[in-house]
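Visitor: Quick check, what structure comes out for this input:
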Amino acid sequence: MAFKGRELFFLIKISTMMVPFQVTMIPTFILYRNFGLLDTHAALWLPSFLGSSFGVFLLRQFYRGIPDDLTESARIDGAGHLRIYWSMILPLTKPAMVSLIVLTFIATWNNYETPLLYLRSPGLYTIPLGLKVMVDDIYNVNYPGIMAGVVCSLIPILVLFAAAQKYFVQGIAFSGTKG
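Guide: Reported below is the predicted structural model:
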């Protein structure tokens, strides 16, 4: 949808990708502490749920590949913006949406630094933190337990990728092309 300032808004949103997490770590920690989100899993999934700059970039590239003729024909038939998006555009973006879901899930699932910062209770630890706990010291490492934990941590990723492989490959292949 074209509107005034669209390109500037996109540029500002994409420029946030250049800011590393370590720069915003302390302000985000203070914000989560004030909202009472420390030591909860909500602090881990909330940033992914609200969207990322990478998601905006990926979906924008995919949307640009959708011909304008589809939306124009729907507009001629009397459909509004919401109806055009819901009935025509959203079904076409299934590969890009699935790709974004898979990539976001893998990044969140394997994240070590964010849970280390926000979680205090060992019962809430994620798998990467749990694997770190298995290393008592440099001389007492439970290698069989760590390897079993690594294999168990890969199972959800493999299942998700196997279930979404068709859409994932389509989304990655078509998100960078136009026409």
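Visitor: Tell me how far P122 lies from G130.
Guide: 8 Å (C-beta to C-beta, to the nearest Å). Backbone N, C-alpha and C define where each C-beta goes, glycine included.
Visitor: Which pLDDT value goes with the most centrally placed residue in the chain?
Guide: In the chain, the C-alpha closest to the average C-alpha coordinate belongs to T104, at a distance of 2.7 Å (C-alpha atoms, centre = their mean). Note for T104: predicted pLDDT of 87.
Visitor: any idea how far it lies from W45?
Guide: 10 Å.
Visitor: Number of residues surrounding V159?
Guide: Neighbours of V159 under the rule other C-beta atoms under 10 Å: 10.
Visitor: Which element, helix or strand, includes F9?
Guide: Counting by DSSP states H and E, the element that carries F9 is helix 6-15.
Visitor: what's near enough to touch the residue nearest to the centre of the chain?
Guide: Neighbour list for T104: 48, 52, 55 [criterion: C-beta atoms under 8 Å, 6 or more residues apart in numbering].
Visitor: Any of those buried? List them.
Guide: Neighbour-count burial (16 or more other C-beta atoms under 10 Å) applied to the contacts of T104 gives 48, 52, 55.
Visitor: Quick check, the first one in contact with T108.
Guide: Meaning S48. Yes - contact criterion C-beta atoms under 8 Å: S48 and T108 qualify, at 5.1 Å.
Visitor: Go through the protein and flag its longest helix.
Guide: Secondary structure assigned by DSSP state H gives helix 143-175 as the longest helix of the chain.
Visitor: so what does that helix touch, helix or strand wise?
Guide: On a contact count with 3 or more C-beta pairs under 8 Å, 6 or more residues apart in numbering; DSSP states H and E, helix 143-175 meets helix 53-64, helix 94-109, helix 127-133.
Visitor: Against S52, how distant is the residue nearest to E113 when sequence neighbours are not counted?
Guide: Leaving out its chain neighbours, the residue that sits closest to E113 by C-beta to C-beta, 6 or more residues apart in numbering is F21, at 6.9 Å. To S52, F21 is 11 Å away according to C-beta to C-beta.
Visitor: Name all residues that make contact with the residue sitting furthest away from the middle of the chain.
Guide: In the chain, the residue that sits farthest from the middle, by C-alpha atoms, centre = their mean, is Y139; the gap is 37.2 Å. Residues in contact with Y139 (C-beta under 8 Å, 6+ apart): none are found.
Visitor: Let's see the pLDDT reported for it.
Guide: Note for Y139: predicted pLDDT of 77.
Visitor: Looking at the contacts of T104, spot the one nearest E113.
Guide: Using C-beta to C-beta, S48 comes nearest to E113 of the contacts of T104, at 14.2 Å.
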